[in-house]
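Enquirer: Provided below are the primary sequence and the corresponding predicted coordinates.
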Amino acid sequence: MNIVVAVDSFKGSLSSAEAGEAVKKGIMKACPQADVYVSPLADGGEGTVDALVSGMGGSIKHLEATGPLGNKISTYYGILPQKQTAVIEMASVAGLPLVPTEKRNPLYTTTYGVGEIILDAIRSGCRHFIVGIGGSATNDGGIGMLQALGFDMLDENGAAIPFGAIGLKSLASIDDAHVLPELKKCHFRIACDVKNPLCGQDGCSAVFAPQKGASAAEIVQMDEWLGMYAKIAQAKYPSANPHTPGCGAAGGLGFAFCTFMDAALESGIDIVLDEINLEGHIAKADLVITGEGRLDRQTVMGKAPIGVARIAQRYNKPVIAFAGCVTREARVCNEHGIDAFFPILREPVTVQEAMETVTARRNMADTVEQVMRLILRCRKET
């Protein structure tokens, strides 16, 4: 029996690799002769670096870079040997959790560190990039990242503008004469699962800036400044389009990637599934097993298990999902390619106890074993 296992992380409990290995353990208890392939899985957000590095024989590169408040912090990115690919989570250097609540103000937070990581990866030989841009603390339109890569963001006197969205207020021109030459040889795939434009009532300032600490007055100002920034960018790069779905992601970082680096904004799970070539393995499978920490109505909105199920549907492969928690609304998953799903909780315990790594690993293996025993019995009778 050929089984493909692709399970997302159970956040705070099991990594994708740990969850996958626990599933495999349960399978092998019930069916020792099974041929089990465990694939890394992530949706482009938190955990993507760890999942791809651990599952594809990559390495983690640690470095110091500029954090969202302008101070140096320790951060990291992944390097995959295939095509010298760098895997970056923007939140690792410009994420909201890096800013204490009392210091949150997107007028001053910067994406400069994102550019420093890209620069380091380029110098390490990477030319292919996967970048997740969820969870930002910024609203600077990506100008910080661009400054780190050599773009001169200048005021009317030809001086460099300051970090943060406040810098956009004085932006008068953009000069790319000092941009790192190797940047033109790089290919960027941006994991972006929001569709917001750069400006307006659905733009990054109005929708996302409040949770980053912006006041109502600051939101209006930043939206205006981002609009002016877009016009300046369009004057130099006519293809720049602030209305492109996703340009408003990460405080306008999506716009910067599209405009200045010719990047593609894609569904995070689609990028990951493509990079790991999961389709090739599913095509040969007898059974596909997926899952995540919580299965609910939102699972069908671009989450990893549905991405796996979508591929399996193309080949008419049965799909089973396992989760730490399953809500009543998870029934909708049955309409999107998941044939059956099961919670792994075995007995009444506290949430904290259920999320302990040892407990979650054991519960996963035990539940999978029992489901597999039923499957094998049914196969014998047919």
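Expert: Now that the structure is in, tell me what you want to look at.

Enquirer: For stretch 181-198, C-alpha coordinates in PDB please.
Expert: The C-alpha coordinates for stretch 181-198 follow below in PDB (Å, rounded to 0.1, in the frame of the first residue of the first chain):
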ATOM      1  CA  PRO A 181      23.200  44.100  -9.900                       C
ATOM      2  CA  GLU A 182      22.500  40.400  -9.000                       C
ATOM      3  CA  LEU A 183      18.900  41.300  -8.100                       C
ATOM      4  CA  LYS A 184      18.000  41.300 -11.800                       C
ATOM      5  CA  LYS A 185      18.900  37.600 -12.000                       C
ATOM      6  CA  CYS A 186      16.700  36.700  -9.000                       C
ATOM      7  CA  HIS A 187      13.200  35.100  -9.200                       C
ATOM      8  CA  PHE A 188      10.700  35.800  -6.400                       C
ATOM      9  CA  ARG A 189       7.600  33.800  -5.500                       C
ATOM     10  CA  ILE A 190       5.600  35.700  -2.800                       C
ATOM     11  CA  ALA A 191       3.300  33.700  -0.500                       C
ATOM     12  CA  CYS A 192       0.300  36.100  -0.200                       C
ATOM     13  CA  ASP A 193      -3.200  35.000   0.700                       C
ATOM     14  CA  VAL A 194      -4.900  38.300   0.900                       C
ATOM     15  CA  LYS A 195      -6.300  40.300  -2.000                       C
ATOM     16  CA  ASN A 196      -6.200  43.800  -0.700                       C
ATOM     17  CA  PRO A 197      -5.000  46.600  -3.000                       C
ATOM     18  CA  LEU A 198      -2.400  49.200  -1.800                       C
END
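
Enquirer: buried sites along it?
Expert: Neighbour counts over stretch 181-198 (16 or more other CB atoms under 10 Å) mark Leu183, Cys186, Phe188, Arg189, Ile190, Ala191, Cys192, Asp193, Val194, Asn196, Pro197, Leu198 as buried. The C-beta positions use only the backbone N, C-alpha and C, and glycine is treated the same way.

Enquirer: Out of these, list just those in strands.
Expert: Of the buried residues of stretch 181-198, the ones assigned to strands by DSSP state E are Phe188, Arg189, Ile190, Ala191.

Enquirer: Just give me the closest of these to Gly20.
Expert: Nearest to Gly20 out of these is Ala191 (CB to CB; 20.4 Å).

Enquirer: was I right about that closest one contacting Gly45?
Expert: Yes. With contact defined as CB atoms under 8 Å, Ala191 reaches Gly45; the gap is 7.2 Å.

Enquirer: ok so, going back, wait, which of the buried residues of stretch 181-198 is closest to Asp176?
Expert: Distances from Asp176 to the buried residues of stretch 181-198, taken by CB to CB, are shortest for Leu183, at 9.4 Å.

Enquirer: doesn't Ile122 make contact with that closest one?
Expert: Yes. Leu183 lies in contact with Ile122 (CB under 8 Å); the separation is 7.0 Å.

Enquirer: how deep is Ala42 tucked in, by neighbour count?
Expert: Neighbour count for Ala42, taken as other CB atoms under 10 Å: 28.

Enquirer: For Met90, see how far away it is.
Expert: 14 Å (CB to CB, to the nearest Å).

Enquirer: and what of Ala65?
Expert: The gap separating Ala65 from Met90 is 11 Å, by CB to CB.

Enquirer: Repeat that for Val194.
Expert: Val194 is 13 Å from Met90, by CB to CB.

Enquirer: pretty sure Gly47 is in contact with Lys11, am I right?
Expert: Yes. Counting by CB under 8 Å, Gly47 touches Lys11, with 7.2 Å between them.

Enquirer: Quick one: the helices in the stretch 251-382 of the chain, in order.
Expert: 268-275, 278-282, 304-314, 351-354, 357-381 (DSSP state H, counting those that start in this stretch).

Enquirer: Ala65 and Met90: which is more packed in?
Expert: Each of Ala65 and Met90 had its neighbours counted (other CB under 10 Å), and the higher figure belongs to Met90 (27 against 22).

Enquirer: Just list the residues touching that one, thanks.
Expert: Taking CB atoms under 8 Å, 6 or more residues apart in numbering, we find Met90 in contact with Thr111, Val114, Val131, Gly132, Ile133, Gly134, Gly135, Ser136, Ala250, Leu253.

Enquirer: With adjacent residues omitted, what lies nearest to it?
Expert: Spatially, and ignoring its direct neighbours in sequence, Met90 is nearest to Ile133 (4.6 Å; CB to CB, 6 or more residues apart in numbering).

Enquirer: I'm done for today, thanks for sticking with me.
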